[in-house]
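Trainee: need the 3D shape of this:
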Amino acid sequence: MTGTGRSMEVLRAGLLTTIQDLGRVGLAHLGVPRAGAVDPPALKLANRLVGNPPGAAGLEITLTGCTVRFDHAMAIAVTGATATRLRLGARAVDMCVPVSVPAGGRVLEIGPTVTGLRTYLAVAGGIDVPAVLGSRATDTLTKLGPPVVRDGDVLPVDRPSGPPAGIWFAPYPPAPTPPITLRVRLGPRDDWFTPAAVDQFITETYRVSTLTDRIGVRLTGSALARVADRELPSEGVTFGAVQVPTGGEPLVFLADHPTLGGYPVIAVVDEADLPLLAQARPGTPVRFRPGER
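Mentor: Below is the predicted model:
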């Protein structure tokens with residue numbers, strides 16, 4: 001931590017607000033999940049708008065919004081899921097643009113999301129909590145990194161590393177029209193399922209269940225039948241792995257996924273498509289499209 005004296009106070013944390021950067025990549029062999037933003041493009045854009053490196057730590061705000069007070073002048077940007085309201089003091093401000101916050105206790109209110117699940121707040125300089133294993137990301141599975149943000153938390157902010165963007169040069173893409181389509185590579189355990197089940201997996205429309213969080217997204221739909229009812233020794237799983245538990249409905253792992261799993265993985269989602277799933281609200285229809293194996 002740099003001790004700049006700059007900080008932000010969280011007045012209302014909402015349902016789930018966490019500190020996230022781009023995560024702990026490359027440590028799965030040590031049992032350490034990736035963590036980090038589940039919608040990396042949204043965090044990268046927010047950082048770019050305020051002049052930060054792409055991996056600077058910001059806030060990931062889930063569904064219900066949050067309220068933050070700034071006592072110091074700084075640039076901020078909000079990206080990701082569209083909020084019902086975005087106000088700095090008495091003034092409405094826009095998403096996906098750099099916003100200048102003057103000194104003097106200005107309050108930023110981010111309302112609940114209209115579309116999508118997760119909104120991102122970047123501040124010039126980045127949130128300056130201690131790094132754990134090279135990352136400032138909160139991991140909700142292992143509890144590595146900073147704790148979940150609570151009402152009243154005061155978060156230190158580092159010095160800016162560059163000037164904020166002068167124009168709106170990279171708008172965040174609009175929410176896709178349902179159903180969302182996720183590209184997958186079949187395997188490594190698609191042979192554990194009947195040919196009819198594999199065909200069903202790539203033709204059926206599933207729906208996002210209410211059991212969705214930073215660890216993974218459970219989908220509802222017809223059960224996928226196995227070739228044989230036998231146990232699978234635990235093996236490594238990755239970001240985007242589509243695991244099929246005993247109930248037969250797919251579970252897609254996100255950023256805080258475990259590094260080992262004992263259920264067969266029928267496919268792996270293309271990482272470029274995972275932000276679509278990370279922003280999908282319960283009830284959203286989802287389809288899988290096979291790519292190269």
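
Trainee: distance of the nearest residue to Thr115 once chain neighbours are set aside from Val114?
Mentor: Nearest residue to Thr115 in three dimensions, chain neighbours excluded: Ala175, at 4.3 Å (Cβ to Cβ, 6 or more residues apart in numbering). Any C-beta I mention is one placed from the backbone N, CA and C, and that applies to glycine too. The gap separating Ala175 from Val114 is 9 Å, by Cβ to Cβ, to the nearest Å.

Trainee: what of Arg183?
Mentor: Counting by Cβ to Cβ - Arg183 and Val114 are separated by 27 Å.

Trainee: between those two, which one's more packed in?
Mentor: Legend: neighbour count by other Cβ atoms under 10 Å for Arg183 and Val114, higher for Arg183 (16 against 11).

Trainee: tell me the pLDDT at the residue nearest the centre of the chain?
Mentor: For the chain, Val38 is the residue whose C-alpha lies nearest the centre (Cα atoms, centre = their mean; 1.9 Å). Listed pLDDT for Val38 reads 97.

Trainee: and Gly145, what does it touch?
Mentor: Gly145 makes contact with 19, 35, 132, 135-139 under the criterion Cβ atoms under 8 Å, 6 or more residues apart in numbering.

Trainee: and the residue located most distally from the centre of the chain, helix, strand or coil?
Mentor: Residue farthest from the centre of the chain, counting by Cα atoms, centre = their mean, is Ala228 at 35.1 Å. In three-state terms, and counting by DSSP: H, G, I helix; E, B strand; the rest coil, Ala228 is coil.

Trainee: so what's it closest to, chain neighbours aside?
Mentor: Per Cβ to Cβ, 6+ apart, closest to Ala228 is Trp192, 7.6 Å.

Trainee: residues contacting the one you found?
Mentor: 226-228, 232, 264, 266.

Trainee: on that earlier part again, overlap in contacts, Ala175 and Val114.
Mentor: With Cβ under 8 Å, 6+ apart as the test, Ala175 and Val114 both reach 81-82.

Trainee: measure stretch 156-175 end to end?
Mentor: 32 Å (Cα to Cα, to the nearest Å).

Trainee: how about residues contacting stretch 238-254?
Mentor: Taking Cβ under 8 Å, 6+ apart as the rule, stretch 238-254 contacts 28, 34, 38, 182, 184, 193, 201, 206, 213-225, 237, 255, 257, 261, 263-271, 274, 277-278, 288.

Trainee: ChimeraX command to pick out the buried ones of those residues?
Mentor: Filtering the contacts of stretch 238-254 down to the buried ones (16 or more other Cβ atoms under 10 Å) takes a single ChimeraX command:
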select :28,34,38,182,184,193,201,206,214,215,216,217,218,219,221,224,237,255,257,261,263,264,265,266,267,268,269,274,277,278,288
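
Trainee: could you check how far Ala255 is from Ala28?
Mentor: 12 Å.

Trainee: who does Gly58 form a beta bridge with?
Mentor: Gln20 (DSSP bridges).

Trainee: tell me the secondary structure for Leu45?
Mentor: Going by three-state DSSP: Leu45 is helix.

Trainee: give me the neighbour count for it.
Mentor: Residues near Leu45, counting by other Cβ under 10 Å: 23.

Trainee: tell me the pLDDT of it.
Mentor: 94.

Trainee: next one: phi and psi at the closest residue to it other than its chain neighbours?
Mentor: Distances taken as Cβ to Cβ, 6+ apart place Thr79 nearest to Leu45, at 4.9 Å, with adjacent residues excluded. Backbone geometry at Thr79, expressed as degrees, to the nearest 10, gives phi -140, psi -170.

Trainee: show me what Thr79 is bridged to.
Mentor: According to DSSP bridges, beta-bridge pairing links Thr79 with Tyr120.

Trainee: thinking it is in contact with Leu49, fair?
Mentor: Yes. If you go by Cβ atoms under 8 Å, Thr79 and Leu49 touch, sitting 7.5 Å apart.

Trainee: what do those two both touch?
Mentor: With Cβ under 8 Å, 6+ apart, Thr79 and Leu49 have common neighbours 96, 122.

Trainee: nearest to Leu155, of the contacts of Trp192?
Mentor: Ile266 (40.3 Å; Cβ to Cβ).

Trainee: what pLDDT does that closest one get?
Mentor: Reported pLDDT for Ile266: 97.

Trainee: gap between it and Thr119?
Mentor: Distance from Ile266 to Thr119, by Cβ to Cβ: 32 Å.

Trainee: quick one: Leu49 is in a helix?
Mentor: Yes. Using three-state DSSP, the assignment for Leu49 is a helix.
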